[in-house]
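K.L.:
model the following, please.
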Amino acid sequence: MTAKKKQEEFSFDPDAAPAVEAPPRQRPPAAPPPPGRAYPIQKNPGPLQRLVDRNFLEYASYVIRDRAIPALADGLKPVQRRILHALHDMDDGRFIKVANVVGHTMQYHPHGDASIGDALVTLTNKGYLIEGQGNFGNLLTGDRAAAPRYIECRLTELARNEIFNKDLTEFVPSYDGRNREPVALPSKLPLLLMLGAEGIAVGLSTRILPYNFRELLEAQVAILKKKPFDIYPDFPQGGLMDVSAFDKGRGAVRLRARIERRKNGTLCITALPFGATTDSLTASIEDAVRKKKVPVKAITDFTSEHAEIELTLRPDANPKKAMEALYAFTQCEMSLTAHIVVIHEGKPVEMNADDVLRENTQQLVRTLKKELQFRKRQLLDDLHAKTLSQIFIENRIYKKIEACKTYSDVLQAVKDGLAPFRDRLRRDVTQKDIEMLLGIRIRRISLFDIGKNRKEIDAILLELDKVEKSLGDLTAHAVRYLNGLLKKYGEQYARRTEITRFETIEVKELTARELAIRLDPQSGYLGYGVEGDVLLEVSSYDKLVIVWGDGRYRVMPPPEKLFVDKTMIYCAKEDRERVMTLVYSQDSFTYIKRFTFGGSIMNRDYRCTLEDSEVRVLEEGTPEEVFVRYKKFKGQRIFQQVFRPGEVPIKGVKARGNQMTVKAIDRISVNKPRWWKQNQKSPRGVVM
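P.N.:
The predicted structure is shown next:
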């Protein structure tokens, strides 16, 4: 059986239609979508696509809300909140091994010990909430912290007193359901701006620069008093800062290292810009020295607790120009752009620094109100309990329970005994109150000090009056609270970064003679990496225009080594407005023109003459005269002529120019040459 017969046998279908070839089915053409509307590629996605879409959205939401972006409510990322909660759980006033804190935090944080340890070290180095003991790294040198088993930490007094309140905290189950963690800490401090933050999530990122603690609180007082305020970043490394382009936390700040001039002629860097370390800074200076942009001879780093990098300058260096070069070409000056994105009411929101601080201030008022209300309830409960105890003992109500045979009779006897004194109580008596009275020890009854109890009641009433007054004027209470914090902690957090305005540095002037462009006539190479005669000294920011004898030209940055052959006739810094005078010949015609190079694309060849031309003269500016001597031919009457280029209008570089002559030129010059014959007839040339 052949293969064809086998195929026919095994493909036989008794229900098949007759073997008539049907035309292929064609779908009707889809109508084009109306303008302004977009349609998905697949209108009815399958289960796999729905699964991927759902998983991606869940992952993106998780990264944004639970990992990378801080919450506006307390200014913390989830890992930071869990670290502080764990430290509060373990807090006994003494230092705790960081390894133990990391282990305790892992009950709440599902991402392992490395992320927890790094976040704890970062929080400690910010200096507000966690106090460290041991090697927590060095912000100046970039050195990492020691292993968690070797270092210790504890909450600062500021954190212990101002960001925790168990009674006002909402708790939810942790990731494994074994513990409970806070949704947000009831912080009364503007932690988001105090600490700063940086994070990259799915589709968005945030960068919040840190601000000064004291200035933030003073600005909050101004907000409560409805006065204007300004807040600017403050960095732990210190340095100098220009905020002229800073738009309330949405713009950029320029940062500079603090450079001092010493009496011995050296420069000393005593403060670094935020984001730089001594290693990265010295590496940038060394790179600038190799490129001959900074006149530094030697770098010595004495940094320990404070930055101190000594720079020895070359003998011929100007210290002022050297400082400008350091700011222009090294990490001694940096720029930081702020972009505030926070989680607010479960969603990422873009804000500016002023709006964040106003929201923090409103939250402070709300938190203080909740604290006062909670304290008022506590005082009322204490007052009720002490008043009940006084009535119960002074009036010997406990005597009425001696004849009671059941517990219900006891409760009723006490309740009936207290009924005549209802007007002295602030609320009705409950069974819990009666059980509290029945729990009073006989010793206390016999030694009961009525005077002491009355003093305690008076103290409660006095505090209750203060609480009610504060509730009546929450703004004044919040101002008193902030002023108290400023008085207690303000001196510890002075501004470290000096706000100033930077002078404009002309980079081209600093590097005007940075590169020496040389030409090797033997090899035909041009550039700053070539041995030969110096044509010109330029900056690496300059552009060169190079012209060849056939009229071809190119604009380019200063080359290290470029083959220009021996036909290059012109090389200079580019100046779009510079007027050039050009005389060139094509076939038997000679043209003259004045032009400017104008704009051009870098490293692309252009022409300033017609094709197959030969450049005779190319001069900057406008020569007063052009002297021309013609080749001899039969019947010649004119042997030499003088032309005035100033009569030619200035045009673009692509213009053909004006016809100068049709005679063959032997010699040409823009200065009166030695071959010029004074006694020979020399009519003035006319350009066409």
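K.L.:
state which helix of this protein is the longest.
P.N.:
Among the segments of the chain that qualify as a helix by DSSP state H, the longest is helix 353-394.
K.L.:
relative to the whole chain's centre, how far out is that helix?
P.N.:
Helix 353-394 sits 40 Å away from the centroid of its parent chain (Cα atoms, centre = their mean, to the nearest Å).
K.L.:
which residue ranges make up the domains of the chain?
P.N.:
Following automatic domain parsing, one finds the domains of the chain at 59-212, 252-337, 363-492, 510-669.
K.L.:
hmm, who's touching stretch 361-379?
P.N.:
73, 165, 167-168, 186-188, 190, 220, 223-224, 460, 463-464, 467-468, 470-471, 474-475, 477-478, 481-482 (Cβ atoms under 8 Å, 6 or more residues apart in numbering). (Each C-beta comes from the backbone N, C-alpha and C, glycine too.)
K.L.:
C-alpha coordinates for stretch 590-603, PDB please?
P.N.:
C-alpha atoms of stretch 590-603 as PDB (Å, rounded to 0.1, in the frame of the first residue of the first chain):
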ATOM      1  CA  THR A 590      36.100  81.700 -10.300                       C
ATOM      2  CA  TYR A 591      33.600  82.800  -7.600                       C
ATOM      3  CA  ILE A 592      33.800  85.000  -4.600                       C
ATOM      4  CA  LYS A 593      31.400  85.100  -1.600                       C
ATOM      5  CA  ARG A 594      31.000  86.200   1.900                       C
ATOM      6  CA  PHE A 595      29.000  83.900   4.300                       C
ATOM      7  CA  THR A 596      28.500  82.600   7.800                       C
ATOM      8  CA  PHE A 597      28.600  78.900   8.600                       C
ATOM      9  CA  GLY A 598      25.300  79.100  10.600                       C
ATOM     10  CA  GLY A 599      23.900  75.900  12.200                       C
ATOM     11  CA  SER A 600      24.900  72.400  11.300                       C
ATOM     12  CA  ILE A 601      24.700  68.800  12.600                       C
ATOM     13  CA  MET A 602      27.800  67.500  14.300                       C
ATOM     14  CA  ASN A 603      30.200  65.200  12.500                       C
END
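K.L.:
that older thread, let me know which of the domains of the chain is the nearest to Asn352.
P.N.:
Checking those against Asn352 by Cβ to Cβ gives domain 59-212 as the closest, at 10.7 Å.
K.L.:
one step back: mind checking what helix or strand follows the longest helix of the chain in sequence?
P.N.:
On the C-terminal side of helix 353-394, the closest following helix or strand by DSSP states H and E is helix 407-418.
K.L.:
just the buried residues of whatever helix or strand comes next after that next one, please?
P.N.:
Per DSSP H and E, helix 407-418 leads on to helix 431-438 as the next helix or strand towards the C-terminus. Applying a neighbour-count criterion of 16 or more other Cβ atoms under 10 Å, one finds 433-434, 437 buried in helix 431-438.
K.L.:
average model confidence for helix 431-438?
P.N.:
For helix 431-438, the mean pLDDT works out to 88.
K.L.:
do stretch 69-78 as well
P.N.:
91.
K.L.:
can you list contacts of that stretch?
P.N.:
66-68, 80-81, 84, 109, 119, 163, 184-187, 189-195, 197, 199, 201, 204, 206, 208, 341-344, 348-349, 351, 356, 359-360, 363.
K.L.:
can you select the buried ones from these in PyMOL?
P.N.:
To isolate the buried ones among these in PyMOL, judged by 16+ other Cβ under 10 Å, type:
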select buried, resi 66+67+68+80+81+84+109+119+163+184+185+186+187+189+190+191+192+193+194+195+197+199+201+204+206+208+341+342+343+348+349+351+356+359+360+363
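K.L.:
mind checking which of the contacts of stretch 69-78 are in helices?
P.N.:
Per DSSP H, the subset of the contacts of stretch 69-78 in helices is 80-81, 84, 119, 191-195, 356, 359-360, 363.
K.L.:
from these, pick the one nearest Ala328.
P.N.:
Distance to Ala328 across these (Cβ to Cβ) is lowest for Leu193, with 31.3 Å.
K.L.:
hmm, Asp355 and that closest one touching each other?
P.N.:
No. Using Cβ atoms under 8 Å, Leu193 is not in contact with Asp355; the gap is 11.0 Å.
K.L.:
is Leu76 in a helix, a strand, or coil?
P.N.:
With DSSP: H, G, I helix; E, B strand; the rest coil as the basis, Leu76 sits in coil.
K.L.:
that one - how many residues pack around it?
P.N.:
26 (other Cβ atoms under 10 Å).
K.L.:
quick one, phi/psi of it?
P.N.:
Phi and psi for Leu76, reported as degrees, to the nearest 10, are phi -120, psi 150.
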